[in-house]
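S.K.: need a structure here:
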Amino acid sequence: MADTDRPRIESRSRRLLAYLGHNRDQLFVDAAVLLSWIIASAAAFRWLTLPQWAHYLVLFVGIAVYAKLTPAWERPYRSPD
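M.R.: Residues are numbered from 1 along each chain as shown. Below you'll find the predicted structure:
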């Protein structure tokens, strides 16, 4: 989306609402994937009785990889100058 096509929103609260509304679907997908990753890795590490530090490492790497592979959220507005 070109910068000139986006509306200018002055209020910070309205910008936040526009941002969250525009990215709502991706927000829910991200939350579901990350929550599933946390639960699945915790269950696997508990079942296999692996060390807690390794679990934290796996959590961090998994979240970092997911963040790198998914598209960034978009701003549907222009900030005031």
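
S.K.: Helices along the protein, start to end?
M.R.: With DSSP state H as the criterion, the chain has helices at 12-22, 24-48, 52-69.

S.K.: For Asp5, which of these is the nearest?
M.R.: Nearest to Asp5 among the helices of the chain is helix 12-22; the distance by CB to CB comes to 13.2 Å. Every C-beta, even on glycine, is put in place using the N, C-alpha and C of the backbone.

S.K.: As a quick check, tell me the outermost residue of the chain.
M.R.: Thr49 (29.2 Å; CA atoms, centre = their mean).

S.K.: What does it show for phi and psi?
M.R.: Dihedral pair for Thr49: phi 50, psi 50, per degrees, to the nearest 10.

S.K.: show me what contacts it?
M.R.: Counting by CB atoms under 8 Å, 6 or more residues apart in numbering, Thr49 makes contact with nothing.

S.K.: low-confidence ranges in the protein?
M.R.: Scanning the chain for pLDDT under 70 picks out 1-4, 81.

S.K.: let's go with 80 and repeat that
M.R.: In the predicted model, the chain carries pLDDT under 80 at residues 1-4, 79-81.

S.K.: Show me the residue sitting in the middle of it in space.
M.R.: Central residue of the chain (CA atoms, centre = their mean): Asp30, at 5.0 Å.

S.K.: count of neighbours near Ala72?
M.R.: Counted with other CB atoms under 10 Å, the neighbours of Ala72 add up to 8.
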